[in-house]
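Novice: sequence and predicted structure below; questions after.
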Amino acid sequence: MRGNLTDPDGVAELLRTARESIDAADRLGCPRLNLHGTGLDGDGLPVDPVKGEPTQEMWAAARDTLTRVAELGERAGVVFTLENLNTAVDHPGVPFAKAADTLALVAAVDRPGLRMNLDLYHAQIGEGNLIELVRAAHGAGLIGEIQVADVPGRREPGTGEINYPAVARALTALGYDGTVAMEAWASEDSDSALRRFRTAFTV
């Protein structure tokens, strides 16, 4: 999806491309559609970067836009997931990128058509304290999907600093039964990466 959450032209483009995405999701049988605080270019950089923290006006506009997005999803029977990103390494200038900000927006909208795509790679870079983050998001009932990769390098679990077996045990204890998706570069080959991913999340 293109556009953004806050200015009128960006909102119009976001809603237009969200409708296009719904049509594609229907053809593919895809139950969830991902979006960010603003559109990203081919290098993962924001099309509409911001400097500094979002203003109160931007927060209000983002909440209203996401409410409209959620309504689109509910009418179509799909869920939009708002993904947290990191601004330190991969996506400088993306607004509402922190996991805490993403969670706050999803909670403010409080509609079944919008949930959080909790990306633990980005959260580790931006905030850390992943198990408490998982507990907070799950406890609020706001997780639509979890994405994983290790830090540094954005490679499969088991190649970096994140203790994914501990995360997996926490998810199991919480009763999380949703999707955990790996969004990572394989450190060697795809088969080895998938084996490491499976090992990390086998409790």
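Specialist: Cool, got the structure.
Novice: relative to residue 84, how far out is the closest residue to residue 88 other than its chain neighbours?
Specialist: Residue nearest to residue 88 in three dimensions, not counting chain neighbours: residue 125, with 5.6 Å by CB to CB, 6 or more residues apart in numbering. (C-beta placed from N, C-alpha, C; glycine too.) The gap separating residue 125 from residue 84 is 10 Å, by CB to CB, to the nearest Å.
Novice: give me the residue at the spatial middle of the protein.
Specialist: residue 83 (1.8 Å; CA atoms, centre = their mean).
Novice: pop out the phi and psi values for the closest residue to that one other than its chain neighbours.
Specialist: Spatially, and ignoring its direct neighbours in sequence, residue 83 is nearest to residue 117 (3.9 Å; CB to CB, 6+ apart). Per-residue torsions, residue 117: phi -90, psi 100 (degrees, to the nearest 10).
Novice: what's the local residue count around residue 117?
Specialist: Counted by other CB atoms under 10 Å, the residues lying close to residue 117 total 27.
Novice: can you pull up the bridge partners for it?
Specialist: Beta bridges link residue 117 to residue 83, residue 145 when assigned by DSSP bridges.
Novice: so the residue nearest to the centre of the chain touches residue 99, yeah?
Specialist: No - between residue 83 and residue 99 there is no contact under CB atoms under 8 Å: 9.5 Å.
Novice: now do the shared contacts for these two.
Specialist: 119, 122 (CB atoms under 8 Å, 6 or more residues apart in numbering).
Novice: was I right to think residue 172 contacts residue 180?
Specialist: No - at 11.0 Å, residue 172 does not count as touching residue 180 under the criterion of CB under 8 Å.
Novice: more neighbours: which of the two?
Specialist: residue 180 (19 against 12).
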